[in-house]
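Return a 3D structure for these sequence lines:
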Amino acid sequence: MITAKLRPMHHDTSSPSKLKANKALGQHFLKDKHAVEKIVTALPMHARAIEIGPGPGAITESLLQRAQTLTVIEKDYRFASLWSERAKELSHLHIVHGNVLEVLNDTVKQYQPEWITGNLPYNISGPLTAQLTSHNLLGGMVLMYQREVGNRIMADPGSKTYGGLSVLARHHYHVKRLLLLPPGAFAPPPKVHSVVLLFTPHGNTPPCSFEILQKTVRKGFAHRRKTILNNFKGSLSAEDFIRMDINPKNRPEQLGYDAWTRISMAYSNQ
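Okay, the predicted model is just below:
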């Protein structure tokens, strides 16, 4: 499956490694072999997997040796063209050419992955993570971020970096850091360190839907310096928060996942 028409190639694409990174797409290609092995072996053998942004294929080539089926989502038509050529020889490789924010949900629905992996583009890592964590996968996710974003996702309540993504990630998953990578692990090297996070499903039944939680968290963190009562003014009263065993004078970053689900259920009933 290719979701967009691929343009003809006018330069040497006999090898993905000959193609240069596209700065406009924020491409930085992983070259550290130890990191590749650590990422790939986090996925079990014979899993159904999706890889976001395979690029020249440092991770992809190894995944093809392990996965039962591998679906790659690639926005860059140069790499989408190359992988579509490979797919002619490999029946378990599928290509989706498009913007991952636009095609992810349909791709998950069609290919039913157990695992998702990828080096996420920095400029869309927030909304993409929100979309990714809405899917309760059987296996989990191995995702690479700039360190700053990864730290936000892993942050605990009370931390300055704790925010909406920290809450949403906990809806279906436990999150831990798998790797810290220096700029030199990539070509071209980025200006910051990167982290690889492992998302493992916790198996608990969430008390509310992801959509309701996301809507609530968005409103609750809209003004971080305001109290939770002020952020929900007109929707929830101080008495409502007290009934939920939440101090209405708390700020949003002081509240853990369980508190946010209680707020979500109350807020959705308004």
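
just the helices in this structure please.
For the chain, the helices defined by DSSP state H occupy 33-41, 60-66, 77-87, 100-111, 125-132, 147-154, 164-169, 210-220, 228-231, 238-243, 257-268.

and Trp260, how many neighbours does it have?
27 (other Cβ atoms under 10 Å). To be clear about C-beta, it is placed using only N, CA and C from the backbone, and glycine gets the same treatment.

so what's the nearest residue to it once chain neighbours are set aside up against?
Leaving aside its sequence neighbours, Trp260 sits nearest to Val167 (Cβ to Cβ, 6 or more residues apart in numbering; 5.0 Å). Applying Cβ atoms under 8 Å, 6 or more residues apart in numbering, we find Val167 in contact with 213, 217, 257, 260.

any chance of these in JSON lines, with pLDDT and distance to Glu148 too?
As requested, the contacts of Val167 are exported to JSON lines (pLDDT from 0 to 100; distance: Cβ to Cβ, whole Å):
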{"residue": "Leu213", "pLDDT": "98", "distance to Glu148": "23"}
{"residue": "Val217", "pLDDT": "97", "distance to Glu148": "19"}
{"residue": "Tyr257", "pLDDT": "98", "distance to Glu148": "21"}
{"residue": "Trp260", "pLDDT": "98", "distance to Glu148": "22"}
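
Quick check: the two most widely separated of those residues?
Of all pairs drawn from the contacts of Val167, the greatest distance, 9.9 Å, lies between Val217 and Tyr257 (Cβ to Cβ).

With Ile52 as the reference, name the closest of the helices of the chain.
Comparing the helices of the chain by Cβ to Cβ, helix 100-111 comes nearest, at 5.3 Å.

Quick check: the gap between the residue of the chain positioned farthest from its centre and Leu229.
Outermost residue of the chain with respect to the C-alpha centroid, by Cα atoms, centre = their mean, is Glu239; its distance is 36.5 Å. Glu239 sits 10 Å away from Leu229, going by Cβ to Cβ, to the nearest Å.

residue closest to the middle of this structure?
Thr129 (3.5 Å).

What sits closest to Met45 if chain neighbours are left out?
Once flanking residues are discounted, Met45 sits nearest to Arg66: 5.3 Å by Cβ to Cβ, 6+ apart.

Look up how far Asp258 lies from Ala155.
Applying Cβ to Cβ to Ala155 and Asp258 gives a distance of 16 Å.
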